[in-house]
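Novice: 3D, please:
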Amino acid sequence: MQIIYPSDYFSPGKADETFELEFNCAKNNGLTCLLLSSEHAAMGKYQFSQSFEPGVPVIWRGWMLSTDEYQQLHRAVARCGGQMLESFDDYIRCHYISGWYDICQKYTPETVLVSAEADFDKLTDQLKWPRYFVKDYVKSLTTSRGSVAANADEIREVLQSIEHFRGKIEGGVSLRRFEHFVAESERRYFSLNGQVYSADGVIPDVVIEIAQLVDAPFFSIDMVENDVGQLRLVEIGDGQVSDIKEWPVERFVRMFIAS
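Specialist: Next comes the predicted model:
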């Protein structure tokens with residue numbers, strides 16, 4: 001495995017401090033680690049710290065990328081003789097809720113996918129859900145206001161805040177039926193080349209079931225316990241841009257060595 005990390009903007013020879021621990025751990029464990037110049041990438045140019053090894057798959061471990069940015073990175077790696085493990089379609093399939101919701105419906109809250117221009121008054125009148133969890137196709141609102149809405153006006157309020165803080169609504173709007181989850185029960189799993197991994201070595205059967213449904217080489221699976229003790233799928237994410245959360249960094253890096 002070859003792993004690209006973003007460089008520190010002011011010290012191009014170092015990994016960005018957010019990923020520095022993982023970068024050093026991966027490198028010390030014998031993995032080929034490259035740096036992508038954050039300064040040049042910000043201008044749409046792609047400059048890597050070294051050449052790619054032919055025939056060895058490449059992944060990105062860094063900031064969340066828009067679909068356009070991932071496509072540009074994918075092309076840049078190919079131009080430099082590398083081959084990304086994940087295609088553009090793989091990235092979309094896991095990065096956008098529209099790519100995985102249909103196949104995972106029974107494991108996750110009921111969801112309606114619409115455009116940002118939808119008639120939310122009409123929609124909420126039809127759905128009549130007690131509350132709505134509002135996000136775009138990628139992320140929810142992470143400010144103190146949060147993403148839970150009780151009516152059409154509050155849905156629009158959440159969407160305006162997402163647009164204000166993140167610059168745009170990415171992909172579209174997903175309205176999710178609010179479910180009660182147990183605080184601090186969320187866990188992140190990763191699936192890499194068909195093998196599921198966890199932070200503590202414990203992998204519930206339902207996580208393996210979900211992983212088998214998703215046709216992509218590297219993705220995260222976030223699970224949470226609801227108030228009646230069931231494990232529920234929060235979301236699927238692209239593994240390249242998923243935080244390690246509760247994982248010890250050494251255990252996360254060993255996943256790449258094992259693959």
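Novice: which other residues reach stretch 70-80?
Specialist: Residues outside stretch 70-80 that contact it (CB atoms under 8 Å, 6 or more residues apart in numbering) are 4, 36, 44, 46, 48, 51-52, 58, 60, 65, 83-84, 87-88, 91, 95. To be clear about C-beta, it is placed using only N, CA and C from the backbone, and glycine gets the same treatment.
Novice: hmm, 6 Å instead?
Specialist: 46, 52, 58, 84, 88, 91 (CB atoms under 6 Å, 6 or more residues apart in numbering).
Novice: what distance separates that stretch from the centre of its chain?
Specialist: Offset of stretch 70-80 from its chain centre (CA atoms, centre = their mean, to the nearest Å): 19 Å.
Novice: got a quick PyMOL command for the buried subset of the contacts of stretch 70-80?
Specialist: The buried residues among the contacts of stretch 70-80 can be selected in PyMOL (16 or more other CB atoms under 10 Å) with this line:
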select buried, resi 46+52+58+84+91
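Novice: could I get the contacts of stretch 70-80 as a markdown table with distance to residue 238, pLDDT and secondary structure?
Specialist: Below are those laid out as a markdown table (distance: CB to CB, whole Å; pLDDT from 0 to 100; DSSP: H, G, I helix; E, B strand; the rest coil):
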| residue | distance to residue 238 | pLDDT | secondary structure |
| --- | --- | --- | --- |
| 46 | 19 | 90 | coil |
| 52 | 20 | 97 | coil |
| 58 | 14 | 98 | strand |
| 84 | 12 | 98 | strand |
| 88 | 11 | 96 | helix |
| 91 | 5 | 97 | helix |
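Novice: and of the contacts of stretch 70-80, the nearest to residue 155?
Specialist: Nearest to residue 155, judged by CB to CB, of the contacts of stretch 70-80 is residue 91 at 27.6 Å.
Novice: residue contacts, that closest one?
Specialist: Per CB under 6 Å, 6+ apart, neighbours of residue 91: 70, 238.
Novice: again with the one 4 residues further on
Specialist: Contacts of residue 95 were listed using CB under 6 Å, 6+ apart, and they are residue 238.
Novice: now the contacts of stretch 70-80 in JSON lines, with distance to residue 136?
Specialist: Converted to JSON lines, those look like this (distance: CB to CB, whole Å):
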{"residue": "46", "distance to residue 136": "26"}
{"residue": "52", "distance to residue 136": "33"}
{"residue": "58", "distance to residue 136": "28"}
{"residue": "84", "distance to residue 136": "24"}
{"residue": "88", "distance to residue 136": "19"}
{"residue": "91", "distance to residue 136": "16"}
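Novice: quick one, strands of this protein?
Specialist: Counting by DSSP state E, the segments of the chain that form strands are 2-6, 32-36, 57-60, 83-84, 111-114, 132-136, 148-149, 173-177, 187-192, 195-197, 218-225, 231-238.
Novice: possible to save those as CSV with distance to residue 74?
Specialist: Compiled in CSV, these are given as follows (distance: least, CB to CB, whole Å):
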stretch, distance to residue 74
strand 2-6, 11
strand 32-36, 13
strand 57-60, 9
strand 83-84, 5
strand 111-114, 25
strand 132-136, 22
strand 148-149, 36
strand 173-177, 25
strand 187-192, 18
strand 195-197, 23
strand 218-225, 14
strand 231-238, 12
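Novice: and the helices in the stretch 151-259 of the chain, which stretches?
Specialist: For the stretch 151-259 of the chain, applying DSSP state H, counting those that start in this stretch gives helices covering 152-166, 205-213, 249-258.
Novice: buried stuff in the shortest one?
Specialist: This means helix 205-213. For helix 205-213, the buried set under the neighbour-count rule, 16+ other CB under 10 Å, comprises 207, 210-211.
Novice: same thing with the longest one?
Specialist: Using 16+ other CB under 10 Å as the burial criterion, the residues of helix 152-166 that qualify are 152, 154-155, 158-159, 161-162.
Novice: same question for the last one.
Specialist: Neighbour-count burial for helix 249-258 flags 252-253, 255-256 (criterion: 16+ other CB under 10 Å).
Novice: what's the domain layout of this structure?
Specialist: Listed domain ranges for the chain are 2-85, 93-99+182-258, 110-177 (source: automatic domain parsing).
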